[in-house]
Every structure is written in structure tokens, then in C-alpha cells.
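Colleague: Here is the input, now give the coordinates:
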Amino acid sequence: NLKALLEPQGRIITFISDRGVGLLKAFDLIFPGNPHLYCYHHLRYNFSRKYKNKGGEIVVADVLQKFFKLAYASTEKSFYFHLKNLRDEGGAATIDEFIREIPLEHWCRAFFKGCRYGIMANGIAESFNNWIVAERSLPPFAMLDQTRMKEMKIMSERSVESKSWTTKLTPKMEKRLKEQLDRSRVFRVIASHENVYEVRNDKYSYSVDLSTRTCSCVKWQINCFPCAHALATIQGARLDVYDFIDPYFTAEYYRICYSFPIAPLSNVDASCSSIEDFILPPVTKRPAGRPKSKRIASAGEKKLIRCGRCNKMGHHNKKSCTEPLNMLL
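Modeller: Residues are numbered from 1 along each chain as shown. Down below sits the predicted model:
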């Protein structure tokens with residue numbers, strides 16, 4: 001399993017999820033110490049439900065826009081500034097109750113200590129599910145086989161495409177680098193001491209340390225990609241900007257990712273002597289009603305109820321309560 005694969009390598013993996021009840025327990029039990037982020041899009045949906053029937057679409061849109069600025073805040077000072085604006089717009093009681101349920105280090109950029117490469121949502125998983133939406137309706141074996149062939153084809157196409165790249169970074173990251181370099185032109189760089197610089201424009205100043213690859217705007221640390229202030233400093237020090245970019249963004253690493261192709265499967269020499277060699281579906285009676293097609297709701301989407309046994313708010317009732325009896329006396 002994943003735990004057995006990662007433990008010998010000593011790797012720390014940052015997980016991101018929709019706060020499913022089972023996942024929350026599993027992460028703490030199986031991967032203690034590994035960072036766990038909450039998907040911003042699911043949080044946004046959970047948050048919007050707090051304002052169901054409490055205001056018009058314009059009010060909800062304004063609140064969600066301020067929540068976006070809160071989640072994407074890069075510094076603690078910026079976080080508390082946007083928190084004040086959100087409390088004024090959405091009501092302090094509602095905002096405080098929601099934020100109290102989710103630790104800041106799991107969702108706000110300013111409080112996460114580690115490398116998250118700018119990722120705020122599990123869009124990759126959602127895109128993959130949408131990509132195989134037709135295959136998911138097939139029987140298990142056909143679903144796996146069709147998905148395998150689909151992945152085999154795209155891995156081959158990306159491997160061939162990447163061999164034609166002539167840039168050091170992937171095309172997408174080269175474009176981002178160019179945009180940041182254009183933004184860096186307006187800054188003035190002043191040396192402080194070895195590898196430490198002050199970067200200024202007409203309104204603000206920033207502190208950049210090239211030895212630790214940090215900037216006081218914190219965006220370099222969050223995105224693991226040099227911000228405009230860092231790029232202005234690197235160029236002012238007459239250094240190569242590519243030396244300060246994580247290797248994961250390079251075309252070389254991209255090619256390595258797709259250098260392990262999915263091998264084709266051949267069954268031309270397979271022989272079946274009788275019908276007993278086939279795996280038949282189990283003899284079961286189909287349950288009544290339509291099969292479920294909606295995903296399981298995350299913790300934030302489920303309504304809290306009060307248990308008649310332990311008298312606590314949660315997602316269980318008297319019948320499913322597991323609180324120790326000695327704690328109830």
C-alpha cells in the first residue's frame with residue numbers, strides 16, 4: 001500500500017482532500033506528521049451553505065469573494081485584514097463558527113508551513129474523474145481495461161511531445177517565468193549583506209534572502225517558484241534565475257515522469273478450455289431503487305445533530321454512539 005511504499009523512502013507527502021469523515025481519521029492514524037490540506041473548492045461550497053436562505057445571490061457572491069481573499073492570503077497580517085472584511089460582510093457569528101471548525105494550517109496559505117507549490121484544490125482528482133466519466137459506468141474489468149488504454153495513450157503522447165521542447169522549463173512554467181520577469185522590471189534592488197536584499201517600488205518594500213530562498217511576501221515559499229521580488233533580486237545580483245527554480249518545474253523532470261510507459265497487454269495466446277475458466281459475475285439480487293451516482297458528502301456538508309446518548313453535537317445518533325460509558329457518568 002501507499003504507506004509501505006513511502007516509509008522506506010522517508011518521504012513527507014502533503015495530502016489534499018475534501019474532508020471526508022473516513023479520510024480525516026485515516027490520515028491521523030496512518031500518516032501522522034504528514035501535512036493534510038483541505039480542498040478550497042469544497043470549503044467554498046461548505047461555506048456557501050451557511051448562507052442558504054440568508055441572503056440574495058449578490059450577498060453570497062460578495063461573501064465568497066472575500067472568503068477567496070482570506071484563503072489565498074499570503075501573510076498573517078493580510079489574513080487578519082481580510083478576516084475583518086469577511087466578518088463585516090458575512091456576520092461575525094457565522095464566520096467565527098465556520099473558521100473554528102477548520103484549523104487554519106489546513107486551508108489558509110499564510111499558516112501552512114511547508115511546500116504546497118501553489119496548490120489550493122484537488123482539481124487533478126476531479127479532472128481525472130471527469131476524464132473517465134464514460135468508463136466509470138462500465139463493469140469493473142472493462143472499466144480498468146479501458147482506463148488503462150486511455151492512460152497508456154496519453155502517457156505516450158506526452159512523452160513524444162516533451163521531446164520536442166527546447167526550453168529548460170516546461171512551456172507553462174516558462175510562460176509564468178516570463179510574466180514574473182516582466183513584473184520584476186519596476187523594482188529597485190538594494191543590497192544589505194551577503195545574499196540579503198531590499199526590493200522596493202513606489203509603495204512597498206520587501207526583504208529577499210537568496211540563501212534561504214525566502215521573500216517577505218511569502219509567495220516564493222508558498223508557490224516554490226520565485227516571485228517578482230525574488231527575480232528582481234536574482235537579476236540584480238547577476239545570477240542565473242534557473243538556479244533558483246525547483247527542478248520539478250523543468251522539462252527534464254517532466255520527461256522523467258513519462259519515461260515509464262504503461263506496457264500493452266496481449267491475450268492472443270490465451271486459451272480457454274471450458275466455460276468454467278471464465279469469471280462470472282456473482283449471483284446477487286439487484287437492490288431496489290436507482291444506483292447512487294452522487295459522491296459521499298464531506299464532513300463540512302453534513303448537518304450536525306445532537307446525540308441522545310452523549311448529548312454531543314456530531315454526525316452520529318444514539319444508536320451509533322461509541323462514547324465510553326464512564327465518560328457519560
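
Colleague: drop to CA atoms for contacts and neighbour counts, all remaining ones
Modeller: Noted.

Colleague: where are the low-confidence patches of this protein?
Modeller: Of all residues in the chain, those with pLDDT under 70 make up the ranges 54-56, 270-280, 294-304, 325-329.

Colleague: how's it carved up into domains?
Modeller: Following automatic domain parsing, one gets these domains for the chain: 2-111, 133-162, 171-251.

Colleague: Quick check: which of these is buried the most?
Modeller: Highest mean neighbour count of the domains of the chain: domain 171-251, a mean of 17 (counted as mean count of other CA atoms under 10 Å).

Colleague: which residues touch the helix ranked longest in the chain?
Modeller: Secondary structure assigned by DSSP state H gives helix 140-162 as the longest helix of the chain. For helix 140-162, the surrounding residues in contact (CA atoms under 8 Å, 6 or more residues apart in numbering) are 132, 135-137, 251, 254-255, 258-259, 261-264.

Colleague: Helices of this structure, residue ranges please.
Modeller: 2-6, 21-30, 40-49, 57-71, 76-90, 92-101, 123-131, 140-162, 171-184, 219-223, 228-236, 251-257, 325-328.

Colleague: can you put the domains of the chain in CSV and add distance to Arg306?
Modeller: Output for the domains of the chain, formatted as CSV (distance: least, CA to CA, whole Å):
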stretch, distance to Arg306
domain 2-111, 16
domain 133-162, 37
domain 171-251, 39
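
Colleague: Compare those domains and report which one is nearest to Lys285.
Modeller: domain 133-162 (16.3 Å; CA to CA).

Colleague: and that closest one, how far from the chain's centre?
Modeller: From the chain centre to the centre of domain 133-162 is a distance of 23 Å (CA atoms, centre = their mean, to the nearest Å).

Colleague: swap in stretch 305-318?
Modeller: When C-alpha coordinates are averaged (CA atoms, centre = their mean), stretch 305-318 and its chain have centres 32 Å apart.

Colleague: can you give me the end-to-end distance of that stretch?
Modeller: End-to-end distance of stretch 305-318 (CA to CA, to the nearest Å): 11 Å.

Colleague: Against Glu76, how distant is Ala26?
Modeller: Using CA to CA, we find Ala26 at a distance of 30 Å from Glu76.

Colleague: now swap in Glu101 and tell me
Modeller: As judged by CA to CA, Glu101 and Glu76 stand 19 Å apart.

Colleague: swap in Thr233?
Modeller: 24 Å.

Colleague: Then Arg11?
Modeller: 28 Å.

Colleague: Ok, which of the domains of the chain comes nearest Val283?
Modeller: Smallest distance to Val283 across the domains of the chain (CA to CA): 14.9 Å, for domain 133-162.

Colleague: Pick the one among the contacts of helix 140-162 closest to Arg185.
Modeller: When the contacts of helix 140-162 are compared against Arg185 (criterion: CA to CA), the nearest one is Ala251, at 25.9 Å.

Colleague: thinking again about what came up before, how about the helices of the chain in JSON lines, adding distance to Arg213?
Modeller: Listed next are the helices of the chain as JSON lines, based on distance: least, CA to CA, whole Å:
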{"stretch": "helix 2-6", "distance to Arg213": "27"}
{"stretch": "helix 21-30", "distance to Arg213": "30"}
{"stretch": "helix 40-49", "distance to Arg213": "26"}
{"stretch": "helix 57-71", "distance to Arg213": "23"}
{"stretch": "helix 76-90", "distance to Arg213": "19"}
{"stretch": "helix 92-101", "distance to Arg213": "31"}
{"stretch": "helix 123-131", "distance to Arg213": "28"}
{"stretch": "helix 140-162", "distance to Arg213": "28"}
{"stretch": "helix 171-184", "distance to Arg213": "16"}
{"stretch": "helix 219-223", "distance to Arg213": "7"}
{"stretch": "helix 228-236", "distance to Arg213": "8"}
{"stretch": "helix 251-257", "distance to Arg213": "21"}
{"stretch": "helix 325-328", "distance to Arg213": "50"}
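
Colleague: among the ones you listed, which is nearest Glu198?
Modeller: Among the helices of the chain, helix 228-236 comes nearest to Glu198, with 8.3 Å by CA to CA.

Colleague: report the angle between the axes of that closest one and helix 171-184?
Modeller: Here helix 228-236 runs at an angle of 80 degrees relative to helix 171-184 (axes from the mean of the first three to the mean of the last three CA atoms, to 10 degrees).
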